[in-house]
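>>> sequence? don't have it. structure:
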(Lines give C-alpha, C1' and ligand atoms only; values in the text may rest on other atoms or scores of the structure.)
Protein backbone atom coordinates (compact mmCIF):
# COMPACT_ATOMS: atom_id res chain seq x y z
CA UNK A 1 0.00 0.00 0.00
CA UNK A 2 1.40 3.39 -1.00
CA UNK A 3 1.39 6.55 1.07
CA UNK A 4 -0.74 9.49 -0.04
CA UNK A 5 2.41 11.24 -1.27
CA UNK A 6 3.46 8.25 -3.35
CA UNK A 7 -0.05 7.83 -4.78
CA UNK A 8 -0.11 11.49 -5.82
CA UNK A 9 3.26 11.21 -7.54
CA UNK A 10 2.25 7.98 -9.28
CA UNK A 11 -0.97 9.60 -10.49
CA UNK A 12 0.96 12.59 -11.82
CA UNK A 13 3.38 10.34 -13.71
CA UNK A 14 0.51 8.35 -15.26
CA UNK A 15 -1.37 11.50 -16.27
CA UNK A 16 1.78 13.25 -17.51
CA UNK A 17 2.84 10.29 -19.62
CA UNK A 18 -0.71 9.97 -20.97
CA UNK A 19 -0.86 13.66 -21.97
CA UNK A 20 2.70 14.13 -23.26
CA UNK A 21 3.65 10.65 -24.41
CA UNK A 22 7.19 11.00 -22.98
CA UNK A 23 8.86 10.04 -19.67
CA UNK A 24 8.00 12.42 -16.83
CA UNK A 25 10.98 14.07 -15.12
CA UNK A 26 11.22 14.84 -11.40
CA UNK A 27 11.72 18.53 -12.22
CA UNK A 28 8.35 18.63 -14.02
CA UNK A 29 6.68 16.96 -11.05
CA UNK A 30 8.28 19.33 -8.54
CA UNK A 31 6.85 22.30 -10.48
CA UNK A 32 3.30 20.90 -10.33
CA UNK A 33 1.13 23.12 -8.05
CA UNK A 34 -0.39 20.04 -6.36
CA UNK A 35 3.02 18.81 -5.21
CA UNK A 36 4.36 20.65 -2.17
CA UNK A 37 7.71 18.86 -1.80
CA UNK A 38 11.08 19.78 -3.19
CA UNK A 39 12.90 18.02 -6.07
CA UNK A 40 14.99 15.82 -3.75
CA UNK A 41 11.88 14.46 -2.03
CA UNK A 42 10.20 13.83 -5.38
CA UNK A 43 13.30 12.00 -6.68
CA UNK A 44 13.32 9.83 -3.56
CA UNK A 45 9.67 8.88 -3.96
CA UNK A 46 10.18 8.15 -7.65
CA UNK A 47 13.01 5.80 -6.72
CA UNK A 48 10.77 4.04 -4.18
CA UNK A 49 8.00 3.62 -6.76
CA UNK A 50 10.54 2.25 -9.20
CA UNK A 51 11.80 -0.25 -6.62
CA UNK A 52 8.22 -1.43 -6.13
CA UNK A 53 7.88 -2.06 -9.86
CA UNK A 54 5.29 0.67 -10.45
CA UNK A 55 7.55 2.94 -12.52
CA UNK A 56 10.33 2.32 -15.02
CA UNK A 57 13.36 4.47 -15.80
CA UNK A 58 14.29 4.34 -19.51
CA UNK A 59 18.06 4.44 -19.87
CA UNK A 60 17.85 7.19 -22.52
CA UNK A 61 15.82 9.52 -20.33
CA UNK A 62 15.90 11.14 -16.92
CA UNK A 63 12.15 10.68 -16.55
CA UNK A 64 9.92 7.82 -15.47
CA UNK A 65 7.11 5.96 -17.17
CA UNK A 66 4.46 3.76 -15.56
CA UNK A 67 4.81 0.00 -15.79
CA UNK A 68 1.86 -2.33 -16.31
CA UNK A 69 1.75 -2.74 -12.53
CA UNK A 70 1.73 1.04 -12.14
CA UNK A 71 -1.21 1.37 -14.49
CA UNK A 72 -2.97 -1.45 -12.62
CA UNK A 73 -2.54 0.37 -9.29
CA UNK A 74 -3.80 3.57 -10.90
CA UNK A 75 -6.87 1.85 -12.37
CA UNK A 76 -7.72 -0.03 -9.17
CA UNK A 77 -7.12 2.75 -6.62
CA UNK A 78 -6.63 6.20 -8.12
CA UNK A 79 -9.28 6.71 -10.80
CA UNK A 80 -11.93 9.38 -10.22
CA UNK A 81 -15.17 7.90 -8.93
CA UNK A 82 -17.52 9.83 -11.23
CA UNK A 83 -17.48 10.07 -15.05
CA UNK A 84 -16.38 13.32 -16.61
CA UNK A 85 -19.00 13.23 -19.31
CA UNK A 86 -21.86 10.92 -20.21
CA UNK A 87 -21.94 9.22 -23.57
CA UNK A 88 -24.54 10.81 -25.82
CA UNK A 89 -26.07 7.82 -27.62
CA UNK A 90 -29.30 8.00 -29.59
CA UNK A 91 -30.74 4.50 -29.40
CA UNK A 92 -34.48 5.10 -29.33
CA UNK A 93 -36.16 2.04 -30.81
CA UNK A 94 -33.69 1.54 -33.63
CA UNK A 95 -32.77 -1.77 -35.11
CA UNK A 96 -30.10 -3.56 -33.11
CA UNK A 97 -27.63 -3.33 -36.00
CA UNK A 98 -27.92 0.46 -36.08
CA UNK A 99 -27.61 0.65 -32.30
CA UNK A 100 -24.36 -1.33 -32.40
CA UNK A 101 -22.91 0.97 -35.06
CA UNK A 102 -23.94 4.15 -33.23
CA UNK A 103 -22.41 2.87 -30.00
CA UNK A 104 -19.14 1.89 -31.66
CA UNK A 105 -18.74 5.21 -33.48
CA UNK A 106 -19.63 7.31 -30.43
CA UNK A 107 -17.33 5.37 -28.11
CA UNK A 108 -14.39 5.78 -30.47
CA UNK A 109 -15.02 9.51 -30.79
CA UNK A 110 -15.20 10.02 -27.02
CA UNK A 111 -12.13 7.95 -26.13
CA UNK A 112 -9.99 8.36 -29.31
CA UNK A 113 -9.35 4.62 -29.06
CA UNK A 114 -10.22 1.57 -31.11
CA UNK A 115 -13.77 0.66 -30.09
CA UNK A 116 -15.37 -2.75 -30.61
CA UNK A 117 -18.93 -3.87 -29.92
CA UNK A 118 -19.94 -7.50 -30.27
CA UNK A 119 -23.53 -8.01 -31.41
CA UNK A 120 -25.79 -10.56 -29.74
CA UNK A 121 -25.02 -13.99 -31.15
CA UNK A 122 -27.74 -15.60 -33.23
CA UNK A 123 -27.54 -18.45 -30.75
CA UNK A 124 -29.04 -16.15 -28.11
CA UNK A 125 -32.00 -15.18 -30.34
CA UNK A 126 -35.51 -16.58 -30.34
CA UNK A 127 -38.17 -16.60 -33.05
CA UNK A 128 -40.36 -13.51 -32.83
CA UNK A 129 -42.46 -13.80 -36.01
CA UNK A 130 -42.67 -15.89 -39.17
CA UNK A 131 -44.06 -14.94 -42.59
CA UNK A 132 -44.76 -17.47 -45.38
CA UNK A 133 -45.22 -15.60 -48.67
CA UNK A 134 -46.08 -16.98 -52.12
CA UNK A 135 -44.09 -14.85 -54.57
CA UNK A 136 -44.83 -16.81 -57.75
CA UNK A 137 -46.91 -19.90 -58.45
CA UNK A 138 -43.88 -22.13 -57.80
CA UNK A 139 -41.81 -19.87 -55.51
CA UNK A 140 -42.32 -19.28 -51.80
CA UNK A 141 -40.34 -17.20 -49.30
CA UNK A 142 -40.07 -17.77 -45.54
CA UNK A 143 -39.19 -14.70 -43.47
CA UNK A 144 -37.99 -15.18 -39.89
CA UNK A 145 -37.83 -12.17 -37.56
CA UNK A 146 -35.76 -12.82 -34.44
CA UNK A 147 -35.91 -11.33 -30.97
CA UNK A 148 -32.69 -9.40 -31.67
CA UNK A 149 -34.37 -7.55 -34.53
CA UNK A 150 -32.63 -9.62 -37.19
CA UNK A 151 -34.47 -10.65 -40.35
CA UNK A 152 -33.60 -13.70 -42.45
CA UNK A 153 -35.21 -14.74 -45.73
CA UNK A 154 -35.13 -18.02 -47.62
CA UNK A 155 -36.62 -18.94 -50.98
CA UNK A 156 -38.10 -22.34 -51.84
CA UNK A 157 -38.98 -23.57 -55.32
CA UNK A 158 -41.65 -26.24 -55.81
CA UNK A 159 -42.31 -28.41 -58.86
CA UNK A 160 -46.07 -27.99 -58.54
CA UNK A 161 -48.03 -24.75 -57.99
CA UNK A 162 -48.18 -23.79 -54.31
CA UNK A 163 -51.55 -23.99 -52.57
CA UNK A 164 -52.16 -20.54 -51.07
CA UNK A 165 -54.36 -22.05 -48.39
CA UNK A 166 -51.55 -24.40 -47.36
CA UNK A 167 -49.05 -21.54 -47.12
CA UNK A 168 -51.48 -19.50 -44.97
CA UNK A 169 -51.95 -22.50 -42.69
CA UNK A 170 -48.17 -22.94 -42.42
CA UNK A 171 -47.69 -19.32 -41.40
CA UNK A 172 -50.32 -19.61 -38.68
CA UNK A 173 -48.96 -22.95 -37.45
CA UNK A 174 -45.33 -21.79 -37.39
CA UNK A 175 -46.13 -18.65 -35.41
CA UNK A 176 -48.22 -20.61 -32.95
CA UNK A 177 -45.63 -23.34 -32.44
CA UNK A 178 -42.24 -21.63 -32.87
CA UNK A 179 -42.48 -18.08 -31.47
CA UNK A 180 -40.34 -17.84 -28.36
CA UNK A 181 -38.17 -20.85 -29.17
CA UNK A 182 -34.41 -20.46 -29.54
CA UNK A 183 -32.98 -20.85 -33.01
CA UNK A 184 -31.39 -24.25 -33.40
CA UNK A 185 -33.16 -25.56 -30.29
CA UNK A 186 -33.97 -29.27 -30.33
CA UNK A 187 -37.63 -28.56 -29.56
CA UNK A 188 -37.86 -26.35 -32.65
CA UNK A 189 -36.96 -29.29 -34.88
CA UNK A 190 -39.42 -31.52 -33.10
CA UNK A 191 -42.27 -29.10 -33.68
CA UNK A 192 -41.48 -28.95 -37.39
CA UNK A 193 -41.88 -32.71 -37.74
CA UNK A 194 -44.98 -33.37 -35.63
CA UNK A 195 -46.13 -36.93 -36.48
CA UNK A 196 -49.70 -36.05 -35.49
CA UNK A 197 -50.07 -33.72 -38.47
CA UNK A 198 -51.62 -34.97 -41.73
CA UNK A 199 -49.06 -36.18 -44.26
CA UNK A 200 -49.65 -33.27 -46.66
CA UNK A 201 -49.08 -30.60 -43.99
CA UNK A 202 -46.14 -32.44 -42.39
CA UNK A 203 -44.43 -32.86 -45.76
CA UNK A 204 -44.89 -29.16 -46.51
CA UNK A 205 -43.35 -28.12 -43.16
CA UNK A 206 -40.42 -30.48 -43.62
CA UNK A 207 -39.75 -28.75 -46.93
CA UNK A 208 -39.61 -25.38 -45.12
CA UNK A 209 -37.54 -26.63 -42.17
CA UNK A 210 -34.14 -25.39 -43.48
CA UNK A 211 -35.37 -21.79 -42.98
CA UNK A 212 -35.10 -22.53 -39.25
CA UNK A 213 -32.78 -25.45 -38.72
CA UNK A 214 -29.97 -24.19 -40.98
CA UNK A 215 -30.19 -20.61 -39.77
CA UNK A 216 -27.96 -21.27 -36.77
CA UNK A 217 -25.39 -23.27 -38.71
CA UNK A 218 -24.50 -20.31 -40.91
CA UNK A 219 -24.52 -17.80 -38.09
CA UNK A 220 -21.41 -15.80 -37.39
CA UNK A 221 -20.77 -13.49 -34.48
CA UNK A 222 -20.61 -9.89 -35.64
CA UNK A 223 -18.09 -7.31 -34.48
CA UNK A 224 -18.50 -3.58 -35.05
CA UNK A 225 -15.13 -1.82 -35.14
CA UNK A 226 -14.32 1.87 -35.28
CA UNK A 227 -11.30 4.09 -34.64
CA UNK A 228 -8.24 2.51 -36.27
CA UNK A 229 -7.67 5.53 -38.53
CA UNK A 230 -8.09 7.89 -35.58
CA UNK A 231 -5.43 6.05 -33.60
CA UNK A 232 -3.01 6.32 -36.52
CA UNK A 233 -3.68 10.04 -37.02
CA UNK A 234 -3.15 10.87 -33.37
CA UNK A 235 0.03 8.76 -33.10
CA UNK A 236 -1.20 7.08 -29.94
CA UNK A 237 1.09 4.10 -30.50
CA UNK A 238 4.80 4.46 -29.79
CA UNK A 239 5.48 1.46 -32.05
CA UNK A 240 3.28 1.11 -35.15
CA UNK A 241 3.95 -2.63 -35.14
CA UNK A 242 1.60 -2.76 -32.12
CA UNK A 243 -1.24 -1.45 -34.28
CA UNK A 244 -0.36 -3.77 -37.16
CA UNK A 245 -0.54 -6.78 -34.83
CA UNK A 246 -3.88 -5.58 -33.51
CA UNK A 247 -5.25 -5.13 -37.03
CA UNK A 248 -4.13 -8.67 -37.89
CA UNK A 249 -5.99 -9.90 -34.82
CA UNK A 250 -9.12 -8.07 -35.94
CA UNK A 251 -8.99 -10.01 -39.18
CA UNK A 252 -8.92 -13.22 -37.13
CA UNK A 253 -12.13 -12.35 -35.38
CA UNK A 254 -12.50 -15.67 -33.64
CA UNK A 255 -9.46 -15.02 -31.43
CA UNK A 256 -10.63 -11.49 -30.61
CA UNK A 257 -14.11 -12.74 -29.75
CA UNK A 258 -12.47 -15.14 -27.31
CA UNK A 259 -10.77 -12.21 -25.58
CA UNK A 260 -13.97 -10.19 -25.36
CA UNK A 261 -16.03 -13.12 -24.09
CA UNK A 262 -13.92 -13.04 -20.93
CA UNK A 263 -15.79 -9.84 -20.04
CA UNK A 264 -19.21 -11.51 -20.25
CA UNK A 265 -18.93 -12.99 -16.77
CA UNK A 266 -17.58 -9.83 -15.12
CA UNK A 267 -19.93 -7.88 -12.84
CA UNK A 268 -18.17 -4.59 -13.61
CA UNK A 269 -15.73 -3.28 -16.18
CA UNK A 270 -13.04 -5.73 -17.33
CA UNK A 271 -9.58 -4.14 -17.54
CA UNK A 272 -6.43 -5.90 -18.72
CA UNK A 273 -3.20 -3.91 -18.93
CA UNK A 274 -0.22 -4.87 -21.05
CA UNK A 275 1.24 -8.22 -19.99
CA UNK A 276 -1.98 -9.10 -18.14
CA UNK A 277 -3.44 -9.98 -21.55
CA UNK A 278 -3.09 -13.63 -22.51
CA UNK A 279 -2.97 -12.99 -26.27
CA UNK A 280 0.56 -12.04 -27.45
CA UNK A 281 -0.87 -9.40 -29.82
CA UNK A 282 -2.30 -7.48 -26.86
CA UNK A 283 0.60 -7.59 -24.40
CA UNK A 284 1.74 -4.06 -25.20
CA UNK A 285 -1.85 -2.76 -25.19
CA UNK A 286 -4.74 -2.37 -22.76
CA UNK A 287 -8.29 -3.68 -23.07
CA UNK A 288 -11.29 -2.12 -21.31
CA UNK A 289 -14.57 -3.98 -21.77
CA UNK A 290 -18.00 -4.42 -20.22
CA UNK A 291 -20.91 -6.76 -20.88
CA UNK A 292 -24.36 -5.57 -21.87
CA UNK A 293 -27.61 -7.46 -22.08
CA UNK A 294 -30.65 -8.51 -20.10
CA UNK A 295 -30.96 -8.67 -16.31
CA UNK A 296 -30.29 -12.40 -16.24
CA UNK A 297 -28.28 -12.84 -19.44
CA UNK A 298 -25.29 -11.11 -21.04
CA UNK A 299 -25.61 -10.73 -24.80
CA UNK A 300 -22.40 -9.04 -25.91
CA UNK A 301 -19.58 -6.69 -25.00
CA UNK A 302 -18.59 -3.05 -25.41
CA UNK A 303 -14.84 -2.47 -25.43
CA UNK A 304 -11.95 -0.18 -26.28
CA UNK A 305 -8.36 -1.16 -27.04
CA UNK A 306 -5.38 1.16 -27.06
CA UNK A 307 -1.89 1.88 -25.73
CA UNK A 308 -1.17 1.31 -22.06
CA UNK A 309 -0.86 5.07 -21.56
CA UNK A 310 -4.52 5.61 -22.51
CA UNK A 311 -6.83 7.82 -20.45
CA UNK A 312 -8.21 5.07 -18.21
CA UNK A 313 -10.76 7.28 -16.48
CA UNK A 314 -12.43 8.25 -19.74
CA UNK A 315 -12.13 4.74 -21.17
CA UNK A 316 -13.64 2.99 -18.15
CA UNK A 317 -16.45 5.47 -17.58
CA UNK A 318 -17.34 5.57 -21.29
CA UNK A 319 -17.37 1.79 -21.69
CA UNK A 320 -19.48 1.35 -18.55
CA UNK A 321 -21.93 4.04 -19.70
CA UNK A 322 -22.21 2.61 -23.22
CA UNK A 323 -22.86 -0.89 -21.86
CA UNK A 324 -25.56 0.46 -19.55
CA UNK A 325 -27.32 2.32 -22.34
CA UNK A 326 -27.12 -0.66 -24.69
CA UNK A 327 -28.59 -2.87 -21.96
CA UNK A 328 -31.53 -0.50 -21.59
CA UNK A 329 -32.01 -0.54 -25.34
CA UNK A 330 -31.97 -4.30 -25.80
CA UNK A 331 -34.37 -4.76 -22.88
CA UNK A 332 -36.93 -2.84 -24.95
CA UNK A 333 -36.42 -4.74 -28.21
CA UNK A 334 -35.33 -8.17 -27.06
CA UNK A 335 -37.91 -10.78 -26.12
CA UNK A 336 -36.59 -13.20 -23.51
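Ah, there it is. As the structure is a computational prediction, the values presented were derived from the model and not from experiment. Residues are numbered from 1 along each chain as shown.
>>> Tell me which residues of the host helix or strand of residue 29 come out buried.
Taking DSSP states H and E as the criterion, residue 29 maps to helix 26-30. Buried residues in helix 26-30, counting neighbours by 16 or more other Cβ atoms under 10 Å, are found at 26, 28, 29, 30. Just so you know, the C-beta spots here come from the backbone N, C-alpha and C atoms, and that holds for glycine as well.
>>> can you list the weak-confidence ranges in the stretch 1-150 of the chain?
The model of the stretch 1-150 of the chain has pLDDT under 70 over residues 60-61, 80-95, 121-125, 148-150.
>>> Break down it into its strands, ranges please.
Ranges of strands within the stretch 1-150 of the chain are 55-56, 65-66, 114-118, 127-136, 139-146, based on DSSP state E, counting those that start in this stretch.
>>> Tell me which of those strands sits most buried.
The highest mean neighbour count among these belongs to strand 114-118 (a mean of 27), with neighbours defined as mean count of other Cβ atoms under 10 Å.
>>> so what secondary structure elements neighbour that one?
With contacts taken as 3 or more Cβ pairs under 8 Å, 6 or more residues apart in numbering; DSSP states H and E, strand 114-118 sits against helix 96-111, strand 223-226, helix 253-261, strand 297-307.
>>> now what about the shortest one, what contacts it?
Taking Cβ atoms under 8 Å, 6 or more residues apart in numbering as the criterion, the residues outside strand 223-226 that touch it are 100-101, 103-105, 107-108, 114-119, 250, 253, 256-257.
>>> From the recorded domain assignment, give the ranges for this protein.
The record's domain split for the chain, according to automatic domain parsing, is 4-78, 96-121+221-333, 123-213.
>>> tell me the most buried of these?
domain 96-121+221-333 (a mean of 19).
>>> show me the contacts for residue 264.
Under the criterion of Cβ under 8 Å, 6+ apart, the contact list for residue 264 reads 291, 298, 301.
>>> Okay, the second one and residue 291: tell me how far apart.
Meaning residue 298. Distance check for residue 298 against residue 291: by Cβ to Cβ, to the nearest Å, it reads 4 Å.
>>> any residues in contact with both of the two?
264, 265.
>>> Please enumerate the helices of the protein.
For the chain, the helices identified by DSSP state H occupy 4-20, 26-30, 39-51, 68-73, 96-111, 164-178, 186-192, 199-208, 210-213, 228-233, 240-251, 253-261, 312-333, in order along the chain.
>>> So for residue 144, which of those helices sits nearest?
Relative to residue 144, the nearest member of the helices of the chain by Cβ to Cβ is helix 210-213, separated by 6.1 Å.
>>> Can you spell out which helices and strands pack onto that closest one?
On the basis of 3+ Cβ pairs under 8 Å, 6+ apart, helix 210-213 makes packing contacts with strand 139-146, strand 151-157, helix 186-192.
>>> So what touches the second one?
Going back to what we said before, that points to strand 151-157. Among residues not part of strand 151-157, those counted as contacts by Cβ under 8 Å, 6+ apart are 135, 138-146, 207-208, 210-211, 215.
>>> Compute the distance from the centre of it to the centre of its chain.
30 Å (Cα atoms, centre = their mean, to the nearest Å).
>>> and if you look at stretch 324-334?
14 Å.
>>> ditto for stretch 188-199
In terms of Cα atoms, centre = their mean, the gap separating the centre of stretch 188-199 from the centre of its chain is 39 Å.
>>> what's the average pLDDT for it?
Per-residue pLDDT over stretch 188-199 has a mean of 81.
>>> average pLDDT for stretch 290-310?
Here stretch 290-310 scores 88 as its mean pLDDT.
>>> now the spatially closest residue to residue 164 that is not a sequence neighbour: how far from residue 170?
Distance criterion Cβ to Cβ, 6 or more residues apart in numbering; nearest residue to residue 164, sequence neighbours excluded, is residue 134 at 5.8 Å. Residue 134 is 10 Å from residue 170, where distance means Cβ to Cβ.
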